[in-house]
Structure formats: structure tokens, C-alpha cells
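Asker: using only what follows, build the 3D model:
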Amino acid sequence: MHCDDSLSAAAMSNQFQNTSSPIWSVQEGGNSTPPPTFELEPVPVTVNPWDIVLCVTGTLMSCENAIVIALIIYTPTLKAPMFVLIGSLAFADLLAGLGLIVNFTITYIFDTGFATLLSAGLLITAFSASVLNILAITVDRYLSLYNALTYHTERTVIFTIVTLVLIWVTSITLGALPIMGWNCLKDETTCSICAPIDKNHAAALAVTLLFVFALILQLYLQICKIAFRHAQQIAVQHQFMTTSHSSSTTKGVSTLSIILGTFALCWIPFAMYSLVADIRYPPIYTYVTALPAICHSMINPIIYAFRNPEIQKSMRLACCCGCASSNFPLRPRTPSVV
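Answerer: All right, here's what the predicted structure looks like:
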């Protein structure tokens, strides 16, 4: 047995030497041809066109909302609670735009599990704060009509600060859930349409969004009732409704319709799709429903900031002089009806 083993081992050794000798002669022979070199060609990274669209959208979104924040900060008269809330909304949308840029960078450069969770948390925090700030602005406008006589005395700085703290603490908590364990990195079958968010987390966010929309809808219906009631009272007192009051009421109703319609068209499809779909569904459906929701943060400055007469005045002065003037008359500003 030992002899056979030694013979077989010797035969295998000779076979190995015979087969390997040409390789060593090519590598060590000084007069032979140089050894072949093997160069690893970089594997081209395929970039999803939809991700490019989202990144460009995030860049435009950031620039647009940065203008709103700069106008509010450097204009002394834009310090009423309404403008503070508009500034908070612009900051949330700015953060959402930066989150889209960071998400694109992480996807194609720093693709790690923890970085992906941080990117998802940033986007959830930003968009949650955006929606909650819209709710806060709606509440502020409702109070400005419901308690028109005592609005300025009740809306103190402390009350506004508490509102902002609640908004951002809630948003940060929702954004921290993926890092705290509500993710699908360990089990991809539990992923929602927006990985690494799991289906339970996505469903909770969708239900919260629908609940917030229901509150906004109810508040704006109450605002319409109060506006029409005021118009009727003016008509009774003066025996007729003046053209200015009639046009103001009509303009207010049309503005409310634009606000509610835009919010519903942008967010409701994505929220409903998040409730029924998961990662197995075609990605194209996710991009088609998510893009309008993301673009809502580009529409917010137009609806809530650039349509405001005071912000328009600041923009005109900034365009003419290069900076917002500090010589505006410091008089209290009353919030708009809508």
C-alpha cells in the first residue's frame, strides 16, 4: 500500500512538473518573448435615466427653495408666523432636493447598506416635514379667519416655535425608522416599492399622508364656509355685494382648488400605489407615481411663496438692487385669506 502510494505520488509530481514547466520558462526566460499582460477593463456602469431625472429635479428644487429661504431671511418684514411656516416649508423642500442628489450619489458611488438607510431616512424626513408644514400653513390660515380679531395676539412666537418643533421632531422620527430596523436589507421579500423601506413602513407613511390630506381638505372646506359667510354678512350690511368682495371670494375659492387639486394629483397616486404594490412590481410604475410627488416640492414655492405680494415685492427689489432692502416700512403683515 505504501509503495503504490509513493509511486502514484511520484507520477503525479512528474506530471505536474511537465505541465507547469512551459509557464515558468516563459516567465523566467530572459531571451524569450515578454509575458502576456492581462489588463482588467472597467465594467461600464449603466445609469438609470429615471435616476438622472430625479437628480436634476432635486437640483432645481434645491435652487428654487433656496431663493425663498434667502428672501425670508434677508427681508425684515417677512417675520410673521405665516412667513416662518413658509420658510420652514421651503427648508423641507430644499432638504428633499438635496436628499435626491445624495441618493443618486450613494446609488452609483457609495452603494453600502448603511449609506442607503441614511439616504432613505433623509428623504422620508424631508418629505414628511414638507407635508406637515403644509398642514401647519393650512391651520394658520384657518385660524386667521376663524379668530380674525384675536389672531395677532394669540399667534405668539412661542406658539410658532412649538409648532415647528413638533413638525420636525415627528419628521425626524419617521425618517429614523429605517435605521432603527424598519428596513428590508435582511429580507428583500419584505421590501416596498422604495427599497430599503419595508412594506409596513411604507404603508404607515401612506396612511399618514392620506390622513393629513383629509385634515387639509376639511380645514379648507371650513375656510370656504367662513369666507362665504363673511361675504354674505357684507352683502346684508350693504344690501349688495361689491364687485371687489365677489372677486376676492372667487379668487380665494380658485386658489383653494389649486392647492387641494395639486396636492391630490401629486401625492394620492403614490400613496395608494405604496399600499398595494411591493418590490416585485415593475419599477417603471414606481417612478411614474413618485415623480409627481417629488415635483410637488417644486410647486410649493409657486403656490405658497411666489404668489404672496410681500415676497413678490422682495423679489422685485432683490432683482433691481441685487439684495433685499432693509428699508421696508416695518408694519405688521396680515396673512392672506388663503
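Asker: Ile303 - nearest residue in space that isn't next to it in sequence?
Answerer: Ile259 (6.0 Å; Cβ to Cβ, 6 or more residues apart in numbering). Where C-beta positions appear, they are placed from N, C-alpha and C, glycine not excepted.
Asker: what about that neighbour, neighbour count?
Answerer: 21 (other Cβ atoms under 10 Å).
Asker: and the one 4 residues further on, by the same measure?
Answerer: The criterion is other Cβ under 10 Å. On that basis, Phe263 has 24 neighbouring residues.
Asker: use 16 as the first number from now on
Answerer: Done: numbering now begins at 16, and the last item shifts to Phe278.
Asker: ok, it touching Val227?
Answerer: No. Between Phe278 and Val227 there is no contact, the gap being 9.4 Å when judged by Cβ atoms under 8 Å.
Asker: list residues touching both of the two?
Answerer: With contacts taken as Cβ atoms under 8 Å, 6 or more residues apart in numbering, Phe278 and Val227 have Ile149 as neighbours in common.
Asker: mind listing the helices for the stretch 16-165 of the chain?
Answerer: 17-43, 64-89, 96-123, 128-161 (DSSP state H, counting those that start in this stretch).
Asker: lowest-confidence stretch among these?
Answerer: When mean pLDDT is averaged over each of the helices of the stretch 16-165 of the chain, helix 17-43 scores lowest at a mean of 40.
Asker: quick one, the longest helix along the chain and helix 128-161 angle?
Answerer: In the chain, taking DSSP state H as the definition, the longest helix is helix 214-253. Orientation check (axes from the mean of the first three to the mean of the last three Cα atoms, to 10 degrees): helix 214-253 against helix 128-161 gives 20 degrees.
Asker: distance between helix 214-253 and the chain's centre?
Answerer: Taking Cα atoms, centre = their mean, to the nearest Å, the mean C-alpha location of helix 214-253 is offset from the chain mean by 23 Å.
Asker: mind giving me the packing neighbours of it?
Answerer: helix 128-161, helix 172-195, helix 258-291 (3 or more Cβ pairs under 8 Å, 6 or more residues apart in numbering; DSSP states H and E).
Asker: and stretch 226-244, C-alpha only, in PDB?
Answerer: Only the C-alpha atoms of stretch 226-244 are listed here, as PDB (Å, rounded to 0.1, in the frame of the first residue of the first chain):
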ATOM      1  CA  PHE A 226     -54.900  61.300   7.000                       C
ATOM      2  CA  VAL A 227     -53.100  64.600   6.600                       C
ATOM      3  CA  PHE A 228     -54.700  65.200   3.300                       C
ATOM      4  CA  ALA A 229     -58.100  64.500   4.900                       C
ATOM      5  CA  LEU A 230     -57.400  67.100   7.600                       C
ATOM      6  CA  ILE A 231     -56.200  69.700   5.000                       C
ATOM      7  CA  LEU A 232     -59.400  69.100   2.900                       C
ATOM      8  CA  GLN A 233     -61.600  69.500   6.000                       C
ATOM      9  CA  LEU A 234     -59.800  72.700   7.000                       C
ATOM     10  CA  TYR A 235     -60.100  74.300   3.500                       C
ATOM     11  CA  LEU A 236     -63.800  73.400   3.400                       C
ATOM     12  CA  GLN A 237     -64.200  75.300   6.700                       C
ATOM     13  CA  ILE A 238     -62.200  78.200   5.200                       C
ATOM     14  CA  CYS A 239     -64.500  78.300   2.300                       C
ATOM     15  CA  LYS A 240     -67.600  78.300   4.600                       C
ATOM     16  CA  ILE A 241     -66.100  81.200   6.700                       C
ATOM     17  CA  ALA A 242     -65.200  83.200   3.600                       C
ATOM     18  CA  PHE A 243     -68.700  82.800   2.100                       C
ATOM     19  CA  ARG A 244     -70.300  83.700   5.400                       C
END
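Asker: quick check: the residue nearest to Ile318 vs Asp213, distance?
Answerer: 32 Å (Cβ to Cβ, to the nearest Å).
Asker: could you look up the SS state of Lys201?
Answerer: With DSSP: H, G, I helix; E, B strand; the rest coil as the basis, Lys201 sits in coil.
Asker: need the phi and psi values for it.
Answerer: phi -90, psi -20 (degrees, to the nearest 10).
Asker: and it, what pLDDT?
Answerer: pLDDT at Lys201 comes out at 87.
Asker: the inter-axis angle of the longest helix of the chain versus helix 258-291?
Answerer: 170 degrees.
Asker: what comes up buried for helix 214-253?
Answerer: 214, 216-221, 223-224, 227-228, 231, 234-235, 238-239, 241-242, 245-246 (16 or more other Cβ atoms under 10 Å).
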